[in-house]
Every structure is written in structure tokens, then in C-alpha cells.
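Participant: Need the 3D shape of this:
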Amino acid sequence: NEQYAKIKIPNANRSIAFLHIGKTGGSTISMHIRNGCRESYMTPCLNRQKDGWIINETIASHRIESYYHLGGIPPHKLDHFTTIVTAVRNPIARFLSAFAYSHPTNAIVTEVTLDTKEQQQYSCFPSISYLVKAAIGRAEIPWNKAHLHKIRQATIGRRSSWKLKSLDDIPPINCTVLARIAFGLNASWNVVNATHPWPSHMTYDYRQYYKSSMPPDKELMALRHDHLWDDWVQFNKLLSSAENNNDRNPYAVVVAPPFREIHRNVSSGYRMKKRWDVETRDERLWLCMLLHEEIRTYLMILRRAINLEESDFLEAASDVDDMCK
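Facilitator: Residues are numbered from 1 along each chain as shown. Sure thing, here's the model as predicted:
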């Protein structure tokens, strides 16, 4: 099937972009590439201008020309690249992580700033279970207004513009409609072209990036969240296999020691951890049903990734299946 075809580009002809899909380990990768701190620029970051900015800089760091995050790769720049590298993660785990990361309850840890509209949206969903139930038509909070004070209590004093709002100033929101938006159940909305009513790491998902930034004529490589270091090493080896193998090559195949810890690894500080996972088997099955197309797109990316083997694909498919039993 053409949609699963692996496109392989000769190494010397590769022009490589890194596409950061939220909550997949992309921030870790971005710290290890010289062009990884500025979205949409094909120039090095200010503190990475010279060789030697980090000990044992890798071939991948040298070869990746540009880094893109929210919004994907602009169409007028996509034509320049032959190869798209991205980090991926089990879609169920990614969605749960994205919900927890963006939720106002965890703002003191994540330092994510939400505007008033976003605060209103999350007031429908004190936990992931509320979101899942609302999306299938079983909303426990039908309208947000009566429960908005819970979010105010969690954030008051941290957002001066927020604490000035009174409950009467904020219109009610239909929580079922909003939940279906979060799961991308209306295909006409698009976060890339700014038509989506709730842009977040939840809605900047595989489907959105696949449509905008991974056309079938591009070579894909995928770095799996649960095998990030091993896949990074393999990716570097793949890029080095056709390099000029002589003593003058200044770029290492791997870095040592493994990835540096990054401060954005914040989930350990989340409040009320039970909120960020579904409570029952039924809720998990509903979640998997709601993410059906997202799971399908994730598996398509893995199938097309030239750095992965059939066994890697089967392992990822089995992991999703295990979460959806």
C-alpha cells in the first residue's frame, strides 16, 4: 500500500528536519541538535554556533538543518527537505501526558500559561475521566460555569488577569462539545492553519502533523519515546554509514554519556496523580475508541520509518493493544 511505503533517500542527498510532536521526548532531542532551540529557522542557535559546543557532538546534530514544533513545517519550507525525523510515543500515553501537562492544576509545575478561554475549557474536566466521559456523551459536568471556582482556587494569585474575573463574567461552555473537540472528532478543524478552537498538545496530534508535514514522498525516521536513546544511536549510525569514514570527520556517532536530564521533565511534580489516568477498564476502552484514528496514524508513521524494523512495529502495535484490552 502506497501510504505505508518506505521512501529511502541516499545519505548524501538528505536534507533533514526534526519535527517535534508534543509529549514524545522531543525536548530531549532538541537539546542535542545544534539547530534545536529555534523553531522554523535553518540557522544554529546562538550558543551553538561553533563546533565543540557540546562534547562529542553527533552526526545527527550536524545534519539536522531545522527544528519545528507547534504548527508543523510550513508548506513553503517543506519542499526543501527530503527527510523528516520525529519522536513518537504510544498515542494513549501521549494523550494522557498532554492533558496533564496543559491542565491548570499543574501550572505551578509546568509553568504553562493559559489565557482565560483556555482556563474555561479545562474547567469542564477536573480529571481525564471527565474528559473521556464527556466525549462519549456521558458528561458529569454538562456546563463549565458552576464548577469554574475549582480552577480559580488552583490558580488564583498566579495569574493576575485571571483572578480579576468573576464567575458571572464567564459564559458557560458545553462540555460534551468541547471534549469532542479535544479528541479531534471534527476533521474540518486544523491546528496547523489556526482553525482549531482548542490548540494544545492534545490537539497538535499525529493526525495534524501527518497531514501537514509528512507527505508520502518524504523519507521518515521515528525515534520511539520508550527507546529514545537506542533509536538516537541507531539514527546516528544510519547517517554515518555513508559518510566519509576517515579520521578527519569531527562528528561522533553517539554522545557519551546518554541524554542530559532536562528541566521540562515535570510529571513527577503533578498534583493529585490519580487525576491523570483513567479510573476504570471501560474508560480506557472508551479512550482507545476515541483515539482510534490517532492510533492508526501513529502506526502508519512507524510503518514508514526507515530506521525501524518489522519487529519494532509489532512491538509498538502490541503495546497499544495491551493498553486497550
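Participant: Moving C-terminal from the lowest-mean-pLDDT helix or strand in the chain, which element do we reach first?
Facilitator: Comparing helices and strands within the chain by mean pLDDT, DSSP states H and E singles out helix 160-163 as the least confident, with a mean of 46. Read in the C-terminal direction, the helix or strand following helix 160-163 is helix 175-182, with elements assigned using DSSP states H and E.
Participant: Beyond that next one, next helix or strand please.
Facilitator: Defined by DSSP H and E, the subsequent element after helix 175-182 is helix 206-213.
Participant: hey, C-alpha coordinates of that following helix in CSV?
Facilitator: Output for helix 206-213, consisting of C-alpha atoms alone and laid out as CSV, is shown next (Å, rounded to 0.1, in the frame of the first residue of the first chain):
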residue,chain,number,x,y,z
TYR,A,206,-0.2,12.7,14.9
ARG,A,207,-3.1,13.3,12.5
GLN,A,208,-2.5,17.0,12.3
TYR,A,209,1.3,16.7,11.8
TYR,A,210,1.0,13.7,9.4
LYS,A,211,-1.4,15.6,7.1
SER,A,212,0.7,18.8,7.1
SER,A,213,4.3,17.7,7.4
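Participant: any residues touching it, and which ones?
Facilitator: Outside of helix 206-213, the residues within contact range by Cβ atoms under 8 Å, 6 or more residues apart in numbering are 19, 21, 68, 72-73, 75, 78, 84, 86, 88, 91, 184, 190-192, 293-294, 297-298, 300-301. For the C-beta atoms, the positions are set from N, CA and C on the backbone; glycine is no exception.
Participant: again, but for stretch 172-184
Facilitator: Residues from elsewhere that reach stretch 172-184 (Cβ under 8 Å, 6+ apart): 99, 120-121, 123-125, 130-132, 134-135, 137, 139, 141-145, 186, 189, 196-198, 200, 202-203, 205, 207-208, 290-291, 293-294.
Participant: filter these to the buried ones?
Facilitator: Buried members of the contacts of stretch 172-184, counted by 16 or more other Cβ atoms under 10 Å: 99, 120-121, 123-125, 130-132, 134-135, 139, 141, 143-145, 189, 196, 198, 200, 202-203, 205, 207-208, 290-291, 293-294.
Participant: Now residue 135: closest residue in space that isn't a chain neighbour?
Facilitator: For residue 135, ignoring the flanking residues on the chain, the nearest one in space by Cβ to Cβ, 6 or more residues apart in numbering is residue 179 at 3.9 Å.
Participant: ditto for residue 88
Facilitator: Distances taken as Cβ to Cβ, 6+ apart put residue 222 closest to residue 88, at 4.9 Å, once the chain neighbours are dropped.
Participant: Likewise for residue 7?
Facilitator: Residue 7 sits nearest to residue 219 (Cβ to Cβ, 6+ apart), 4.7 Å away.
Participant: which residues does the one you found contact?
Facilitator: 7-9, 14, 82-84, 306.
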